[in-house]
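*Asks:* sequence plus predicted model, see below.
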Amino acid sequence: SRLNESQEAMQESESNIRALLNAVTESLLLLDKDGTILSANDTFAKRLRIGMDKIIGANYYDLLPADTANERRRQAENVIQNRIPVRFEYVSDKRWIDQVIYPVFDSLGEVVRLAFFGADISRRREMERELEAMALNDQLTGLYNRRGLFELGKIEVERAARYQRPLSVIMFDIDHFKLINDRFSHAVGDQV
């Protein structure tokens with residue numbers, strides 16, 4: 001009876017851990033030092049588009065394209081040797097992923113496992129691009145604003161110098177534009 005209680009408690013504990021792993025939106029993965037997958041969550045399985053039954057016990061590096069597998073192996077070896085986490089970003093299926101690989105130590109302080117955490121930061125990257133565009137472009141016309149003009153101008157001046165080509169700048173001004181705003185409103189001025 002005590003054995004049954006102990007087994008039930010262990011199953012409940014495993015069930016609780018599984019629920020916690022699957023509750024987070026990051027992909028989670030636990031590997032031994034050779035790359036064998038010991039545990040993973042549903043987010044990881046969905047990102048790889050592989051069933052959980054094919055993940056546990058598989059070698060992580062075998063599930064990746066060769067160039068990516070070589071890069072992850074190199075990063076994992078770096079974590080094992082230096083005993084410190086490594087963080088990097090990469091693009092997968094048009095999604096930006098923020099990945100961290102943590103060393104997991106045994107009681108003697110040796111690295112025995114690696115924990116991979118991957119967060120989809122695509123929305124954050126998109127917002128950063130939007131903010132950058134807002135900082136460099138006029139909201140009404142979409143043309144470069146003063147800051148954007150100077151950013152682009154610096155690049156174009158360097159290009160003209162590098163290729164020894166002339167550079168021209170043309171500026172337009174509308175005479176008496178303030179009168180349009182004052183007489184007909186800023187909305188009409190925006191249309192003009």
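*Replies:* Arrived safely, thanks for sending.

*Asks:* how many other residues sit next to the closest residue to residue 167 other than its chain neighbours?
*Replies:* Leaving aside its sequence neighbours, residue 167 sits nearest to residue 160 (C-beta to C-beta, 6 or more residues apart in numbering; 4.0 Å). Every residue, glycine included, has its C-beta placed from N, CA and C. By other C-beta atoms under 10 Å, 13 other residues sit near residue 160.

*Asks:* wait, isn't residue 160 in contact with residue 166?
*Replies:* Yes: using C-beta atoms under 8 Å, residue 160 is in contact with residue 166, at 6.8 Å.

*Asks:* how close does the residue nearest to residue 167 get to residue 148?
*Replies:* Using C-beta to C-beta, to the nearest Å, residue 160 is found at 18 Å from residue 148.

*Asks:* and whichever strand or helix holds residue 67, which residues are buried?
*Replies:* Per DSSP states H and E: residue 67 is located in helix 66-82. For helix 66-82, the neighbour count (16 or more other C-beta atoms under 10 Å) marks 69, 72, 75-76, 79-80 as buried.

*Asks:* tell me where this protein has strands.
*Replies:* 27-32, 37-40, 86-92, 95-105, 111-120 (DSSP state E).

*Asks:* poorly predicted segments of the chain, please.
*Replies:* 1-3, 5-25 (pLDDT under 70).

*Asks:* and with 90 instead?
*Replies:* For the chain, residues meeting the criterion pLDDT under 90 lie at 1-28, 39, 41-54, 64-65, 68, 89-97, 119-153, 168-192.

*Asks:* how about the helices in it?
*Replies:* With DSSP state H, the ranges of helices along the chain come out as 2-23, 42-48, 66-82, 122-136, 146-163, 177-184, 186-191.

*Asks:* between these, which one is nearest to residue 98?
*Replies:* helix 122-136 (8.5 Å; C-beta to C-beta).
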